[in-house]
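Engineer: dropping the sequence and predicted coords here.
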Amino acid sequence: MSILKINNVRKSYGNNQVLKGINLNFEKPGIKALIGPNGSGKTTLFSIIVNLLKKDSGEILIQGMDHKDPKIFKKVSFLKDSSVLYGYLTGLDHLEFIAYAQGLPSSRIDEVCQKTGITNYVKKKVSTYSLGMKQHLLLAMVIMNKPKLMILDEPLNGLDPTAIIKTRGLLQELAEEGTAILLSSHTLTEVDYITSDILFLSKGKIINEDISVYKAIDYEFLLDKKSLGKAKTILSKEKNVTLKKDKLIYRTETTDIQNFIAYLTSNGIEFKEINKRKIGAEERYRAIFAEELSTERTGEGDIV
């Protein structure tokens, strides 16, 4: 049984069709990232999943139950933004309310405070919190009920580098413990550290990608002029090899490249250094949203 299954979900505001038949299947615990420009429908989709917004049509099942079934609310949590916090209350007040509403033991509050690192300031009023402190409180709130499914809208927003690393570790720990996490983020480099399971949302649709391309690893060999000439002659017909300026780029899905290195040296192709890199979220984003990026650069319109 899937943890989250979305079938052909649609949503419009007047004549503006925001979601155009969204399909998504989250079969097992782990982390998925939903990436897209502002206005692509991410927050709308998240709000519909947790029944804060009504869909026009389609089906959403959480652990086999309709997403509007009250029984599933103890299994799901949703992190939006700090607008849901009350400045005149303490962080502890927020956590105590959740514990009361969901019938959780008070000991759970101590557990989540330690897990998210908010113990030192949880008794202070939220109005005194920095953006990062508020974000940590929100994380503490969403893990109170030990959810099977977490929906996180920009969980890294406002965090300093240390806090980002800690939050990343916490999310990965939760996934290993059996939680399915669907998150959005504008910090593409950080997404790569959190997960390689990335979905792109463009103009109300999830983009179908050739995922096999992104499983590949690029090895960049820096060549001198003599070796570059030899490489052009010997490797010109190799499908997995690209020559770019003074670099030879070898694409493969394996981390064992000793045979390829031996092939280069046996043909007199010497290299100064090797750099290894995987195709990340930013490169995928640039490929998918090339038109929007071009429009933004030329000032001919706005990214939607």
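Structural biologist: Yes, it's here. Numbers count the residues shown, from 1 in each chain.

Engineer: I'd guessed Leu61 sits against Ser2; true?
Structural biologist: Yes: under the criterion of Cβ atoms under 8 Å, Leu61 makes contact with Ser2 at 7.0 Å. Placement of C-beta: from N, CA and C, glycine included.

Engineer: could you pull out the strands for the stretch 201-304 of the chain?
Structural biologist: Here the stretch 201-304 of the chain has its strands, by DSSP state E, counting those that start in this stretch, at 205-206, 217-223, 241-244, 247-252, 271-278.

Engineer: sorry, back to before: more neighbours: Leu61 and Ser2, which one.
Structural biologist: A count of neighbours by other Cβ atoms under 10 Å puts Leu61 above the other of Leu61 and Ser2, at 18 against 15.

Engineer: contact partners for that one?
Structural biologist: Neighbouring residues of Leu61 by Cβ atoms under 8 Å, 6 or more residues apart in numbering: Ser2, Leu4, Lys5, Asn7, His67.

Engineer: likewise Lys278?
Structural biologist: Asp192, Ser196, Tyr214, Ala216, Ile217, Asp218.

Engineer: ok, and the most crowded of those residues?
Structural biologist: Neighbour tally across those (other Cβ under 10 Å): the maximum, 18 neighbours, falls on Asp192.

Engineer: please report how far it lies from Asp69.
Structural biologist: 35 Å (Cβ to Cβ, to the nearest Å).

Engineer: rewinding a little: of the contacts of Lys278, which one scores lowest on pLDDT?
Structural biologist: Of all the contacts of Lys278, Tyr214 carries the smallest pLDDT score, 63.

Engineer: in stretch 107-124, what's buried?
Structural biologist: By neighbour count with 16 or more other Cβ atoms under 10 Å, stretch 107-124 contains the buried residues Arg108, Ile109, Val112, Cys113, Thr116, Gly117, Ile118, Tyr121, Val122.

Engineer: so which of the residues you listed are in strands?
Structural biologist: Assigned to strands by DSSP state E, none of the buried residues of stretch 107-124 qualify.

Engineer: now for Pro37, how many residues are close by?
Structural biologist: There are 20 residues near Pro37, going by other Cβ under 10 Å.

Engineer: again, but for Ile279
Structural biologist: Ile279 has 17 neighbouring residues, counting by other Cβ under 10 Å.

Engineer: and for Thr265?
Structural biologist: When neighbours are defined as other Cβ under 10 Å, Thr265 has 11 of them.

Engineer: repeat that for the one 5 residues further on.
Structural biologist: Applying other Cβ under 10 Å, we find 13 residues neighbouring Glu270.

Engineer: just the one 3 residues further on next, same as before
Structural biologist: If you count neighbours by other Cβ under 10 Å, Glu273 ends up with 8.

Engineer: residues contacting the residue nearest to it when sequence neighbours are not counted?
Structural biologist: Using Cβ to Cβ, 6 or more residues apart in numbering and skipping the chain neighbours, the partner closest in space to Glu273 is Leu222 (4.9 Å). Applying Cβ under 8 Å, 6+ apart, we find Leu222 in contact with Asp246, Lys247, Phe271, Lys272, Glu273, Ile274, Asn275.

Engineer: same check on Gly30?
Structural biologist: Counted by Cβ under 8 Å, 6+ apart, Gly30 has contacts Ala175, Ala180, Ile181, Thr195, Asp197.

Engineer: could the contacts of Leu61 go into a markdown table alongside distance to Leu171, secondary structure and pLDDT?
Structural biologist: Output for the contacts of Leu61, formatted as a markdown table (distance: Cβ to Cβ, whole Å; DSSP: H, G, I helix; E, B strand; the rest coil; pLDDT from 0 to 100):
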| residue | distance to Leu171 | secondary structure | pLDDT |
| --- | --- | --- | --- |
| Ser2 | 20 | coil | 93 |
| Leu4 | 16 | strand | 97 |
| Lys5 | 22 | strand | 97 |
| Asn7 | 27 | strand | 97 |
| His67 | 22 | coil | 96 |
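
Engineer: and the residues you listed, which of them are buried?
Structural biologist: Buried members of the contacts of Leu61, counted by 16+ other Cβ under 10 Å: Leu4, Lys5, His67.

Engineer: and which of those is nearest to Leu156?
Structural biologist: Proximity of those to Leu156 (Cβ to Cβ) peaks at Leu4, which lies at 21.2 Å.
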